[in-house]
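In: Quick one, fold the following:
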Amino acid sequence: MIGPKHGGIGRYVFELVQALLKTDQENTYKFFYNQSGDEAIKLLPGSNYRINFIKVNSRHYSFSEQTKFLRTLNKFNLDLVHFPNFNAPLLYKRPFVVTIHDMVHHKISGAKKSRLLHFWAYKKVIGSAAQKAFAIITVSEASKKDVVSFLNVPAEKIRVIYEGPSLSTEVNEAQVKKIKNNFFLHRPYFLFVGVLERKKNLINLTRGFDEFLKKHHLDMDLVIVGKPDKHYPEIKYKAMDIKHKDHLVFADFVEDNELAALYRGAYAFITASLHEGFGLPGVEAMQFGLPLLVSNTPVFNEIYDDAAIYFSPLDTSDIAEKMHLIVRDKQFYSQMQEKSLKRSQLFDWNKTAQETLEVYRQCLKDKTLT
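Out: So this is what the prediction gives:
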């Protein structure tokens, strides 16, 4: 998956490719993609003597990826390959870099027994990629520690490179009014952005929000933007099992311009996630000067620093109290807005590309010495 319509790794790939093509005027690139990336490829510079796009059509995490994709890679005899996720073909033997975004599958195991074989395959592939890679890129110091711990690789092999925000902040009042009308948002609202998966801890978030409304009698909404996780469809229904469920707004997938308008119109950003590699939605929210209310986890402390208010993600009363704190104290609210905007300036995809290019160059240099 690649492109602005994909979250997570798809977004990472699309933004990194765009920024690399602007940053690097020296190297030649071949980009391998599946059919799901057709639309995104149209948004990138067309093929020329320095850039080529090659459609492979091997489904991610499949046997075809380990065989058909492997044969395609071997055909080109590439100097260096960057696998933007851990799923590098096991038998690929030329130099490569791999990005490992997080170790969530090691830390929060799946509940579906039918996926045990998938979990075994995942551990085999990620372990092989980590050991064979010339270098590992990850997106936070917190993720780096996890990679070292779970995959038994030396810390000096890993380079931490932050991601950047992607949305345009040029949003006018008419756009905000339109998106509010589309979702019937007539009250101030907290905004959550992310896939409705287990690690996002959405059930505790909505219960904390429910306590906040019960205790303080405030008229606010919680807007939840993100697709349900197909493996855990029950999350949405359990999250809705609260007294004030009419104050929940599920927006599913929205286009980038709509998401930007939702950020612009929000009162504050909130997430009770238990584990992240980076936390891109919070960085996007900071661009818009939104105060952040987030789980007290190492990665959020690292990425958001003093631009966030922290709560225990397992304590719904603490979630409720921190929501009340940002509502009741207007001066504190303004201070958090300023901190949020200031912090957002640290994150930029062009910087990501420059630092990634440095990793490529070092790997190519090391390759010539071996």
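
In: Just the pLDDT for the residue nearest to Phe300 when sequence neighbours are not counted.
Out: Excluding its sequence neighbours, the residue lying closest to Phe300 (Cβ to Cβ, 6 or more residues apart in numbering) is Val294, at 4.7 Å. In this view, the C-beta of every residue, glycine as well, is placed from N, C-alpha and C. Note for Val294: predicted pLDDT of 98.

In: and if you look at Lys113?
Out: For Lys113, pLDDT reads 45.

In: Quick check, Gly279 in contact with Val299.
Out: Yes - assessed by Cβ atoms under 8 Å, Gly279 is found in contact with Val299 at 6.1 Å.

In: Compare neighbour counts for those two and give me the winner.
Out: Gly279 (26 against 23; other Cβ atoms under 10 Å).

In: Without its sequence neighbours, what residue ends up closest to that one?
Out: Ile303 (5.1 Å).

In: do Glu338 as well
Out: Nearest one to Glu338, counting by Cβ to Cβ, 6+ apart, is Gly289 at 7.7 Å.

In: Hmm, the one you found is touching Arg343, no?
Out: No - if you go by Cβ under 8 Å, Gly289 and Arg343 don't touch, sitting 10.4 Å apart.

In: Enumerate the beta-bridge partners assigned to the residue nearest to Phe300.
Out: Thr271, Tyr310 (DSSP bridges).

In: which residues sit in contact with it?
Out: 269-273, 279, 282, 300, 304, 308-311 (Cβ atoms under 8 Å, 6 or more residues apart in numbering).

In: coming back round to it: quick check: the residue nearest to Gly279 is in a strand.
Out: No - Ile303 is assigned helix when assessed by DSSP: H, G, I helix; E, B strand; the rest coil, not a strand.

In: number of nearby residues for it?
Out: With other Cβ under 10 Å as criterion, Ile303 counts 29.

In: what's the domain layout of the protein?
Out: When the chain is parsed with automatic domain parsing, its domains come out as 8-164+348-369, 173-344.

In: circling back to that earlier point, next, the contact list for the residue nearest to Gly279, please.
Out: Here Ile303 is in contact with Ser140, Tyr162, Phe278, Gly279, Gly282, Val283 (Cβ under 8 Å, 6+ apart).

In: Can you check those residues and name whichever has the most neighbours?
Out: Busiest of the contacts of Ile303 [other Cβ under 10 Å] is Gly282, holding 28 neighbours.

In: What helix or strand is that one located in?
Out: Using DSSP states H and E, Gly282 sits within helix 280-287.

In: who touches that helix?
Out: Contacts for helix 280-287 (Cβ under 8 Å, 6+ apart): 11, 163-167, 169, 191, 193-194, 259, 263, 266, 269, 271, 292, 294, 300, 303-304, 307-308, 340-341, 343-344, 347.

In: do the same with stretch 122-141
Out: Outside stretch 122-141, the residues that reach it (Cβ under 8 Å, 6+ apart) are 61, 80, 83, 86-88, 90, 92, 95-102, 105-106, 144, 147, 151, 153, 157-163, 277-278, 299, 302-303, 356, 359, 362-363, 366-367.

In: Buried residues, that stretch. List them.
Out: Counting neighbours by 16 or more other Cβ atoms under 10 Å, one finds that the buried residues in stretch 122-141 are 122, 125-130, 133-140.

In: Among those, which lie within strands?
Out: Using DSSP state E, the members of the buried residues of stretch 122-141 that fall in strands are Ala135, Ile136, Ile137, Thr138.

In: what pairs with the last one across the strands?
Out: Taking DSSP bridges, one finds Val160 as the beta-bridge partners of Thr138.

In: oh, and call the first residue 41 from now on, that's how I've got it
Out: Sure, I'll start numbering at 41, so the last one becomes Thr178.

In: taking the mean pLDDT, what do you get for the longest helix seen in the chain?
Out: Secondary structure of the chain per DSSP state H: the longest helix is helix 389-409. For helix 389-409, mean pLDDT is 90.

In: any idea which of the buried residues of stretch 162-181 is closest to Ile282?
Out: Among those, Ser180 lies closest to Ile282 (Cβ to Cβ), at 31.9 Å.

In: which stretches of the stretch 241-390 of the chain form strands?
Out: Counting by DSSP state E, counting those that start in this stretch, one finds strands in the stretch 241-390 of the chain at the ranges 261-265, 288-292, 308-311, 332-335, 348-351.

In: where in the protein is pLDDT low?
Out: 41-47, 77-78, 86-87, 149-157, 407-410 (pLDDT under 70).

In: The same query, at a cut-off of 80, please.
Out: 41-48, 75-89, 99-101, 147-160, 406-410 (pLDDT under 80).

In: related to what we said a few turns ago, tell me which of the domains of the chain sits most buried.
Out: With neighbours defined as mean count of other Cβ atoms under 10 Å, the domains of the chain peak in mean count at domain 213-384, which reaches a mean of 19.
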